[in-house]
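Enquirer: Provide a 3D model corresponding to the input given below.
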Amino acid sequence: MTKAVIFDLDGTLLNSLGDLTAAVNHALSAFGFPTRTEAEVRTYLGDGVRQLIARACPADTDDATRAAVLERYLPYYAAHNADLTRPYDGVEQLLVALRAAGYRVAVVSNKHDAGAQALCRRFFGDYLDLVVGADGTRPLKPAPDGVLYAMERLQATPNAVWYVGDSVQDVRTAHNAGVKCVAVTWGFQDADRLAAENPTVMARTVAELEAAILGN
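Expert: Here you go, the predicted model:
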């Protein structure tokens, strides 16, 4: 039986908030729009880059302008997505431990696919079997399609899979895919919101996450 752990990326494996905020503000400034704080951008994340830009733009921004802001955002973020971004403490050691314990390891993210692939190669190239970003071929989370696709590629059945994420969307994705879920509290959403979604386990630290998976 193939065992697998599938991770969200931003807010779960990587602390990317600083670079995301900088890229959003670069794009907004180009159109004369007010910039956003990290605290604001944190609340806009989780539903893909189009929703990130839509939420960051002023409420009365028309669709064509939002599309233009997105076009300004994408190349800037691609060039600057690792200026400040780093793995959370203990993540690399966790991935090593999972591989040593016989788990296949993957990422399924609502992040634009090119960015997800680039960051995973940079920080986790030796540890991941598969990276699935948002490439327009399947619905975004909380639809289960990305996780189901990863499970098929990894040849893993639901009872042998954990999905790990930091958002309500991640917990709902796990439920929709029929897999176990660890909700981590060090990312971009508050613990009480995560708890209300009834994840299998909640983890406050990477050590707790490792214990939850390897202890079951």
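Enquirer: Okay, buried residues for the host helix or strand of residue 78 please.
Expert: With the criterion set as DSSP states H and E, the secondary-structure element containing residue 78 is helix 63-80. Judged by neighbour count (16 or more other CB atoms under 10 Å), helix 63-80 contains these buried residues: 66, 68, 69, 70, 72, 73, 74, 76, 77, 80. For every residue, glycine as well, the C-beta is placed using N, CA and C.
Enquirer: Likewise for stretch 103-122?
Expert: Within stretch 103-122, the residues scored as buried using 16+ other CB under 10 Å are 103-112, 115-120.
Enquirer: Let's test this: mean pLDDT of it, rounded?
Expert: Stretch 103-122 shows an average pLDDT of 97 in the prediction.
Enquirer: Alpha carbons of that stretch, as PDB, please.
Expert: Output in PDB follows, covering the C-alpha atoms of stretch 103-122 (Å, rounded to 0.1, in the frame of the first residue of the first chain):
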ATOM      1  CA  TYR A 103       5.700   8.100   2.400                       C
ATOM      2  CA  ARG A 104       5.400   9.600  -1.000                       C
ATOM      3  CA  VAL A 105       5.300  13.400  -0.700                       C
ATOM      4  CA  ALA A 106       3.500  15.900  -2.900                       C
ATOM      5  CA  VAL A 107       2.200  19.400  -3.100                       C
ATOM      6  CA  VAL A 108      -1.300  20.500  -4.300                       C
ATOM      7  CA  SER A 109      -1.700  24.200  -4.300                       C
ATOM      8  CA  ASN A 110      -4.000  26.900  -5.600                       C
ATOM      9  CA  LYS A 111      -0.900  28.900  -6.400                       C
ATOM     10  CA  HIS A 112      -0.300  29.700 -10.100                       C
ATOM     11  CA  ASP A 113       1.500  26.500 -11.400                       C
ATOM     12  CA  ALA A 114       4.600  28.200 -12.600                       C
ATOM     13  CA  GLY A 115       5.200  29.800  -9.200                       C
ATOM     14  CA  ALA A 116       4.500  26.600  -7.300                       C
ATOM     15  CA  GLN A 117       6.800  24.600  -9.500                       C
ATOM     16  CA  ALA A 118       9.600  27.100  -9.300                       C
ATOM     17  CA  LEU A 119       9.500  27.500  -5.500                       C
ATOM     18  CA  CYS A 120       9.200  23.700  -4.900                       C
ATOM     19  CA  ARG A 121      12.200  23.100  -7.100                       C
ATOM     20  CA  ARG A 122      14.200  25.800  -5.300                       C
END
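Enquirer: for the buried residues of helix 63-80, which one is nearest residue 189?
Expert: When those are ranked by distance to residue 189 (CB to CB), residue 77 comes first, at 21.1 Å.
Enquirer: Report the buried residues of the host helix or strand of residue 97.
Expert: Assessed by DSSP H and E, residue 97 sits inside helix 91-100. Neighbour-count burial for helix 91-100, counted by 16+ other CB under 10 Å, picks out 91, 92, 94, 95, 98, 99.
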